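Colleague: Fold the following for me, if possible:
(2 chains)
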Amino acid sequence: MTELLVKNACVIDPIQGINGEIMDIAIRDGRIVESVSDRAEVIDAQRCLTLPGGIDSHTHVCGTKVNFGRYMSPEDMRAGRTQRRGRMHVTSGYYVPTTFGNSYRYSAMGYTTLLEGAMAPLEARHTHEEFTATPHQDMLANTLFDGNWAVMDAVREKNIKKTAAIVGWTLNAIKGYAIKLTNPGGTEAWGWGEDLTSIHDQVPHFEVTPAEIITAMIQANELLKLPHSVHLHCNNLGKPGNYQTTLDTFELVPDLNPDRQTLYATHVQFHAYGGRTWRNICSKAEEITRSVNSKPQIVMDMGQIMFCRTMTMTADGPMEFNLHCLHHNKWSNHDVELETGSGIIPVTYSKKSAVNCIMWAIGLELALLTKSPWQCLLETDNPNGAPFVKYPEVIGLLMSKRYRDEECATLHPDTEGNTSLCALEREMDWHDIAVMTRAGQAKALGIINQGKGHLGTGAEADIAIYPIRTDSVDPAREYRKVVEGFQKTRYTIKRGRVVSQDGEIIVDGANATFWANAKIPEDIRVDNDPEFIRRFQEFYTVRMSNYPVQEIYLPRGRRVDTEAFT
Amino acid sequence: MRVILESKVRKKPTIPIEAESIIPRNFLKGTDLMVYEGNKERTLSELFWIFVEGTAVSPENIEVVLKGDASRIKRVGEYMDTGSILITGDIGMHCGNFMSGGTIEILGNADAWLGREMRGGMILCRGNAGHYCATGYRGEKKGMQGGKVEVLGNAGDFCAEYLAGGEVHVHGSTGDFPGVEMRGGRLTIGRDATRPCANMKDGTCVVLGNVHEMIPTFEKIDRRVLPEWKIIADVYKGDVANRGKGTLMVKIPGAA
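Modeller: Numbers count the residues shown, from 1 in each chain, chains lettered A, B, ... in the order given. I've put the predicted structure just below:
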C-alpha cells in the first residue's frame, strides 16, 4: 500500500465543479481517496495551481507514420539531444522526438494521457510497441476507417449494423479505442489517382460519398456505444475556401448522445479557410464557430499553428501531395492496402508568410469565438501545427490580449485585414484553460468513468502541480510567467507516483493502453461472415488469423467494454 | 608530429569501435582520448599501441597513422578540419563524416558512407569504397557540399547521392544509382555505371565507361569532344522528370 498526501493545493477541477479551492488530495494505491493515514508521504503544493493530469485528445506521437517522420529528418535528430541521466533514457529530436523524448516532455508539462490521432489498423503492432515505450502517459489509439473497403461496401449497401460489426471487430482485433476518419473517401480516391473536392463526390469504384461514410459511421459508433464519438478530420484540409465543406459536414451531424458530443472535429483551424486561392485566403472562423455554438453535438479542437519548423504527418495523402507541390521539399506518401494511406512532409511556419500568419490567427479565433471551452479544445495537432512543447505559449496567447497584440504587431501586414483576431477582447481564465487542456478532453473521449480528467474520489491519481500562484499572477499582464509555469510542472503525479519533478523524470514509468471492446451479437459478427472472410483473404497481404494484435503487445492493456446493439 | 595507432588484437574483433575522437586536432593535447567499443567506453590505449614521433604546435602538422585491422573502426576523421590521417589497411563505416579540411588517405578499402556530408578537404581511397560513398545521410536534403573524394577502385550503390558541391572521382565502376538526386558538384566515373543521376537537379556527371539501364527521362542535347578525357561523349540534360538542369555526359562506346 502506498499513500501520498498533496497538501495546500489550489485545485481547479471543472468536472467536479471545483474552481480555485485550497484543499488536500489524498492518494492511496494510485487512486484518489477520502483520507490517508499519518504514514503517507506528504507533498506541500504551497498553494500552487493543481490540475488533473493533462490529456491530449489529438497528437501524433507513435506509429509507423511518426517513425517515418523520424527517418526523414536526421536534421531533427541532430537538433535536440539529451544524454542519459538518472532514470532518463537518451532522447533526440525536437518536432519528431524519440518516444522517450515525447514522453518526458509531455510529462514535464503535466500531461498524463494521450490519444494517438491516427493508427492504421494494419500497422497497429508498431503503434502498440511504441506505446509501451512512451512510459509516462496512458495511451489511446484512434483507428483509421476512412478508406476501409469493407466499411465502404457496407455503407454502400446502407447496412449500418454490418458497418458497426466491422468497426467493432476491427477495434477489438487491433486494440483501438475510437473511430478516426481522415479525409473520408478522399485518401482512397487518391489511391486510384483521383481527388475529391466536396463531401458529395463519389469515391471511385465504391460509389459512396464522404457524406455517406460520415453519417453511417456516426450511426455505427452510437450503435456500438463506443466511449468516444467519431473523430473526424474533415475533407479538403488546407484548401482555401474549405470552410464550406466543414460547415456542410457539421450539418450532417445529429445529436445522438446525451453524455458527450456526436462528432469530434479535429484541427479545425486547417478547415476554416475562406477565399479561392492562397493569395486571397481569409479566416472563416466566425462562420465555423457560429455553427459550433449552435450545435452542442460537436466538439472541435484548435489545430493551432505556431511559428517554427515542424513536420506534417497525416493519413491525408492527397493533401500532403499538394503541400509537396507547394514546397518542393522532401516528402513521403504511403498506401495502407485496404485501409488508408498517409503522407509526411516537413514545413516551416514563418511570420513572413501571410498565409501562415492567417492560419495562426484562425486557430486563436476559433478558441476565442467558441462560447463554451468544452467545445473547443487546445492542441496543435502535434507535430503538424507545432510540436506540443508550444502548448504553454498557446495558453499564454489565449489568456492575454496584450500578448496577442504584441505578436500581431510582428506579423505579416495582410493578417489584420483577413482575420478578426485583433478585435477579440476575450481573455480566458484558469478555469477555461483547465477545461481546454484536460476536463474537456476527458469528457470528449469518454474517459471520465475511467477516472481520467478529474480529481474526485476514485479517480486515477494523475495530477499536475504547476509553479503558478493564481491569486498573485495576472495572466493578462504577466503572460510570460504563465507560459513558463505551464512549461514545467513542480510535480507531475501519475497514478499516485511522482514521475516528474521540476522537469526531471524520476521514475521509469509504466503506462496503460485503453482499448474499446464492443460486444457484438453472434449472428452479425463479421468473423463469422464467409463473404467478409473471403474478401479479407483475397485482398489483404496478411491472413485474417494473423491480423489481430496479440495481448502481449499491450502489457498493461485496459479493456473498455461496451454493450453494443442494446 | 606523427601519431601511430596500431590496433591491438581484440578478443571479439567484430564489435565496432566508434572512434569519432580520432582526428588530428585532438592529438595536440595528448593521446588520452576516449572511444566506445560496442557500448563500453575505452581509452585509446586499451585498444591501440600508441607511438608518437616528434612534436607539433599546430594541428595541421599532425599526421595520424592507423595500422592493423581498422575495418570495424567507425567515424574516423569525423568533423576533421585539418591535418592528415593515413590508414594502411581497410577502414570501417562513416570515415570522414562532415570533414571540412585536411586529408585522409586509405590504402585499403573503405566501408560504407565514406566522406558522408563532407564539406571540404580531400579523401583518397586506393582500394574500393562501399555503398553511399560521398553522400548525404538518409533523409538529409544535401549530401557532400565541398572537397574531393577520389576512389581508385570501385564504389558501391548510391555513390554521390545528393551531391551538392565538390568533386567525386571514382576510377573504377559504381553500383546502382550513382549521383542520384544530385544538386551540384561534379561526379566522374571511370568505368561503368548503372542508372546514373536519377532525379538530378544540377551538377555534372561524366561516365567514361558503359551506362547500364540509362534513365529514360534524360534529353540528349549534344555530342561533344571532351579533351580532358580524350573521348567523344553524348551530352544529356535532366532529369527532365524533375525539371532538372543537370548535365550527364556518357562516352560513346568505341569512340576514342
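Colleague: Dihedrals phi and psi, residue A:138?
Modeller: The phi/psi pair for residue A:138 (degrees, to the nearest 10) reads phi -70, psi 140.
Colleague: What's the local residue count around it?
Modeller: When neighbours are counted by other C-beta atoms under 10 Å in any protein chain shown, residue A:138 registers 25. Just so you know, the C-beta spots here come from the backbone N, C-alpha and C atoms, and that holds for glycine as well.
Colleague: same check, this time on residue A:16
Modeller: Neighbours of residue A:16 using other C-beta under 10 Å come to 16.
Colleague: again, but for residue A:538
Modeller: Using other C-beta under 10 Å: residue A:538 sits among 7 other residues.
Colleague: low-scoring stretches of the stretch 1-150 of chain A, by residue?
Modeller: Within the stretch 1-150 of chain A, no stretch falls below the threshold (pLDDT under 70).
Colleague: Try it again at 90.
Modeller: Where the stretch 1-150 of chain A drops to pLDDT under 90, the residues are A:1, A:72-75, A:77-81, A:85-87.
Colleague: Alongside chain B, which residues does it contribute?
Modeller: When proximity is defined by C-beta under 8 Å from any C-beta of the partner chain, the stretch 1-150 of chain A lies next to chain B at A:71, A:72, A:73, A:74, A:75.
Colleague: Show me which of the residues you listed are buried.
Modeller: A:72, A:73, A:74, A:75 (16 or more other C-beta atoms under 10 Å in any protein chain shown).
Colleague: how about those in JSON lines, adding secondary structure?
Modeller: Formatted as JSON lines, those follow (DSSP: H, G, I helix; E, B strand; the rest coil):
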{"residue": "A:72", "secondary structure": "helix"}
{"residue": "A:73", "secondary structure": "coil"}
{"residue": "A:74", "secondary structure": "helix"}
{"residue": "A:75", "secondary structure": "helix"}
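Colleague: Turn the residues you listed into a markdown table, including distance to residue A:543.
Modeller: Shown next, in a markdown table, are these (distance: C-beta to C-beta, whole Å):
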| residue | distance to residue A:543 |
| --- | --- |
| A:72 | 31 |
| A:73 | 35 |
| A:74 | 36 |
| A:75 | 40 |
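Colleague: now the spatially most central residue of chain A, what's its secondary structure?
Modeller: For chain A, the residue nearest the mean C-alpha position is residue A:58 (0.6 Å; C-alpha atoms, centre = their mean). What three-state DSSP gives for residue A:58 is strand.
Colleague: Surely it touches residue A:140?
Modeller: No - using C-beta atoms under 8 Å, residue A:58 makes no contact with residue A:140, being 10.6 Å away.
Colleague: list residues touching both of those two?
Modeller: residue A:115 (C-beta atoms under 8 Å, 6 or more residues apart in numbering or on different chains).
Colleague: and chain A, which residues reach chain B?
Modeller: Applying C-beta under 8 Å from any C-beta, we find that chain A lies next to chain B at A:71, A:72, A:73, A:74, A:75, A:329, A:330.
Colleague: Could you list which residues are in contact with residue 61?
Modeller: Going with chain A. A:99, A:102, A:106, A:114, A:116, A:130, A:134, A:382.
Colleague: wrong chain, I was asking about chain B
Modeller: By C-beta under 8 Å, 6+ apart, the contact list for residue B:61 reads B:1, B:83.
Colleague: What of residue A:1?
Modeller: A:28, A:29.
Colleague: Same question for residue A:95.
Modeller: Counting by C-beta under 8 Å, 6+ apart, residue A:95 has contacts A:73, A:76, A:308, A:309, A:310, A:311, A:383, A:387.
Colleague: Against residue A:58, how distant is it?
Modeller: From residue A:95 across to residue A:58, the span is 16 Å (C-beta to C-beta, to the nearest Å).
Colleague: can you check residue A:254 too?
Modeller: Counting by C-beta to C-beta, the gap from residue A:254 to residue A:58 is 23 Å.
Colleague: what's the answer for residue B:128, then?
Modeller: 51 Å.
Colleague: just residue B:57 next, same as before
Modeller: Distance from residue B:57 to residue A:58, by C-beta to C-beta: 60 Å.
Colleague: just residue A:491 next, same as before
Modeller: For residue A:491, the distance to residue A:58 equals 26 Å [C-beta to C-beta].
Colleague: what are the bridge partners for the nearest residue to residue A:18 once chain neighbours are set aside, then?
Modeller: Excluding the flanking residues, the one nearest residue A:18 by C-beta to C-beta, 6 or more residues apart in numbering or on different chains is residue A:11, at 5.2 Å. As for beta bridges, residue A:11 partners with residue A:21, residue A:50 under DSSP bridges.
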